[in-house]
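Build me a model:
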Amino acid sequence: MTQAIQKKLSDSALWRWTALIIVSMTMMFAYFFTDVMSPLEPLLTAAKEDGGLGWTSDEYGFFSGSYGFFNVFLLLLFFGGIILDKFGIRFTGVLSTVLMFVGAIIKWWSLKESFEGELFGYQMQVIYACLGFALYGVGCEIAGITVSKVLVKWFTGHELALAMGLQVGLARLGTAAALSFALPFAKSMGAVSASIGLGASLLCAGMVAFLVYNILDKREDKAAQAVATEPEPGFQFADLKYLFTNRGFWYITLLCLMFYAGVFPFLKFATKLMVIKYGVDEDLAGSIPSMLPYGTIVLTPIFGYIYDKIGKGATLMIIGSVLLTIVHTVFALPITSVGVAISMMLVLGVAFGLVPSAMWPSVPKIIPMQLLGTAYAVIFYIQNIGLSMVPILIGKVNQANTDANGIIDYTQTMTIFAICGAIAIVIAFLLLIEDKKKGYGLQKSNIQ
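Now for the predicted structure:
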């Protein structure tokens, strides 16, 4: 045993890839639960006499945005980043997975039961579902920054972008599974809550997976202490000044905000878009948006490998932002061809592979390790503003553009998403300019 810890476990490809697989399982199950309601919108908004829950488009948009309510308005994600840097990966990982599971149970219960009355103009069932989803969102986002720090810990100096790309790709597998199977599963079981219960069960398995990872993480820390020549600097509150005054960091943060605002909220409404605008059968409509995460499962690791070997991280982010803008512009046009919709979804999959594969591994090039958890927390916090506000906005826009027959005109909706992409392009160019000034190395390869 003494001989086995003469070097860090992360120096062994076997151990670092094992760590990656374990934490990726946790995030894959989390992403399944995050998007399990997206393909269920037709059931949620159907009349109760037709077997639905009688939600309005406004209520569905409010629910979709509730994911980030506690993160945004109570600053819980920001504090989660400080907890991560102060108390470490193991404690924070367990905390986040427990929060996810508890939030999932509340959401499942709310959709399983019937409630009387309203609050803020929304049905009480919607309010309780939002409460569960908001609590889940706290756990999921803190888990996300924790896993990001896990990968930096194990893969710095190795295949960091590839590892992050694979983790994102596996997480997208969870999204794809939700979009493809949640609606058929709910229909086969005769209840919307069935798909939510399935997601909660998977989150329980993800919680167990992270407990297994903790054993490996403890061994890595012991091995790192054995070979360390000097102690690593710890988190200090005074260091936050460096974070908040770093222009490159803020460019990446704002790029994340605008790019993800044009992707995740779009997926929340994409299934119904396919049904209404492109005439796709309700049971098959979720399979078209699911092409996006299925594509990123392959593309994100490939682009990550390119970043590791060749570099050009800022360039990859620019290209991805351009593709995002093109896709939403086409969706805004009066074109109703299913073939065009499928093609655009595939292009969006390329964009969704390009930007994350370069963006997340670029953060450790700008921010030191002792501040990394807080840095990712701030990025995720700002991202959550978009994930909360944009769906609410889109829900209201869709409601305003719904005719007497329940048909929605999506032109204004898709224009909003296209504007998000256009702003992302500008920010990506500013990041490239800042990299040339400060020499962060975003255009350089990651493997040392």
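
which other helices and strands contact the lowest-mean-pLDDT helix or strand in the chain?
The weakest-scoring helix or strand in the chain, judged by mean pLDDT, DSSP states H and E, is helix 282-285 (a mean of 81). Secondary-structure packing of helix 282-285 (3 or more C-beta pairs under 8 Å, 6 or more residues apart in numbering; DSSP states H and E): helix 160-189, helix 264-276. C-beta: built from backbone N, CA, C; applies to glycine.

Take these and lay them out in CSV including mean pLDDT.
Output for these, formatted as CSV (pLDDT from 0 to 100):
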stretch, mean pLDDT
helix 160-189, 89
helix 264-276, 89
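
Redo those as TSV? Include mean neighbour count and distance to residue 85.
Putting those into TSV (neighbours: other C-beta atoms under 10 Å; distance: least, C-beta to C-beta, whole Å) gives the following:
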stretch	mean neighbour count	distance to residue 85
helix 160-189	23	19
helix 264-276	23	26
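
can you list the ones you listed in CSV and add distance to residue 125?
Putting the helices and strands packed on helix 282-285 into CSV (distance: least, C-beta to C-beta, whole Å) gives the following:
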stretch, distance to residue 125
helix 160-189, 16
helix 264-276, 18
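
among the ones you listed, which is nearest residue 120?
When the helices and strands packed on helix 282-285 are compared by C-beta to C-beta, helix 264-276 sits nearest residue 120, at 20.0 Å.

contact partners of the closest one?
Residues from elsewhere that reach helix 264-276 (C-beta atoms under 8 Å, 6 or more residues apart in numbering): 35, 38-39, 41-42, 45, 61, 64, 175, 179, 183, 280-282, 285-286, 288-289, 292, 328, 331, 341, 386-387, 390-391, 394, 398, 407-408, 410, 413, 417.

where are the low-confidence patches of the stretch 201-350 of the chain?
Applying pLDDT under 70 to the stretch 201-350 of the chain picks out residues 227-235.

how close does residue 28 sit to residue 206?
From residue 28 over to residue 206 the distance is 8 Å, taken as C-beta to C-beta, to the nearest Å.

When those two are compared, which one has more neighbours?
residue 206 (25 against 21; other C-beta atoms under 10 Å).

Please point out which parts of the least confident helix or strand of the chain sit buried.
Burial within helix 282-285, assessed by neighbour count using 16 or more other C-beta atoms under 10 Å, is assigned to 282, 285.

Check which element follows that helix along the chain.
Per DSSP states H and E, the first helix or strand lying C-terminal to helix 282-285 is helix 291-309.

Which residues belonging to that next one are considered buried?
291-297, 299-308.

and if you look at stretch 413-427?
413-414, 416-425, 427.

what's the answer for stretch 48-58, then?
Buried residues in stretch 48-58, counted by 16+ other C-beta under 10 Å: 52-53, 55-58.

could these be laid out in TSV, adding pLDDT and secondary structure?
TSV is the format used below for these (pLDDT from 0 to 100; DSSP: H, G, I helix; E, B strand; the rest coil):
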residue	pLDDT	secondary structure
52	79	coil
53	88	coil
55	91	coil
56	90	coil
57	85	helix
58	89	helix
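
Rounded mean pLDDT for stretch 392-411, please.
Averaged over stretch 392-411, pLDDT sits at 90.

meant to ask about stretch 150-158, not that
Per-residue scores along stretch 150-158 average to 89.

Same question for stretch 422-437.
97.

Output stretch 196-210 as PDB - backbone C-alpha positions only.
Provided in PDB are the C-alpha atoms of stretch 196-210 (Å, rounded to 0.1, in the frame of the first residue of the first chain):
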ATOM      1  CA  ILE A 196     -41.000  11.900 -12.400                       C
ATOM      2  CA  GLY A 197     -40.900   8.800 -10.100                       C
ATOM      3  CA  LEU A 198     -38.600   7.100 -12.500                       C
ATOM      4  CA  GLY A 199     -36.300  10.100 -12.400                       C
ATOM      5  CA  ALA A 200     -36.300  10.300  -8.600                       C
ATOM      6  CA  SER A 201     -35.300   6.600  -8.500                       C
ATOM      7  CA  LEU A 202     -32.300   7.300 -10.800                       C
ATOM      8  CA  LEU A 203     -31.300  10.300  -8.600                       C
ATOM      9  CA  CYS A 204     -31.100   7.900  -5.600                       C
ATOM     10  CA  ALA A 205     -28.700   5.700  -7.600                       C
ATOM     11  CA  GLY A 206     -26.700   8.800  -8.500                       C
ATOM     12  CA  MET A 207     -26.400   9.600  -4.800                       C
ATOM     13  CA  VAL A 208     -25.000   6.200  -4.100                       C
ATOM     14  CA  ALA A 209     -22.600   6.600  -7.000                       C
ATOM     15  CA  PHE A 210     -21.100   9.700  -5.500                       C
END
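
coming back round to it: what would the buried residues of stretch 413-427 look like in CSV with secondary structure and distance to residue 245?
Below are the buried residues of stretch 413-427 laid out as CSV (DSSP: H, G, I helix; E, B strand; the rest coil; distance: C-beta to C-beta, whole Å):
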residue, secondary structure, distance to residue 245
413, helix, 37
414, helix, 37
416, helix, 32
417, helix, 32
418, helix, 32
419, helix, 29
420, helix, 26
421, helix, 28
422, helix, 27
423, helix, 23
424, helix, 23
425, helix, 25
427, helix, 18
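
which residue ranges form the strands in the protein?
118-119, 122-123 (DSSP state E).

most tightly surrounded among those strands?
strand 122-123 (a mean of 18; mean count of other C-beta atoms under 10 Å).

May I have the strands that pair with that strand, each with its orientation?
When pairing is defined by DSSP bridges, strand 122-123 lines up against strand 118-119 (antiparallel).

so how far is the partner strand off the chain centroid?
Mean-position distance between strand 118-119 and its chain equals 30 Å (C-alpha atoms, centre = their mean, to the nearest Å).

Quick one: distance of stretch 301-319 to the chain centre.
Centroid separation between stretch 301-319 and its chain, computed with C-alpha atoms, centre = their mean, is 19 Å.

sorry, back to before: switch the strands of the chain over to a markdown table; also include mean pLDDT.
Listed next are the strands of the chain as a markdown table, based on pLDDT from 0 to 100:
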| stretch | mean pLDDT |
| --- | --- |
| strand 118-119 | 91 |
| strand 122-123 | 94 |
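
could I get these as JSON lines with distance to residue 192?
Compiled in JSON lines, those are given as follows (distance: least, C-beta to C-beta, whole Å):
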{"stretch": "strand 118-119", "distance to residue 192": "20"}
{"stretch": "strand 122-123", "distance to residue 192": "14"}
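
What ranges does the stretch 101-250 of the chain have for its helices?
For the stretch 101-250 of the chain, the helices defined by DSSP state H, counting those that start in this stretch occupy 124-155, 160-189, 192-227, 240-244, 247-261.
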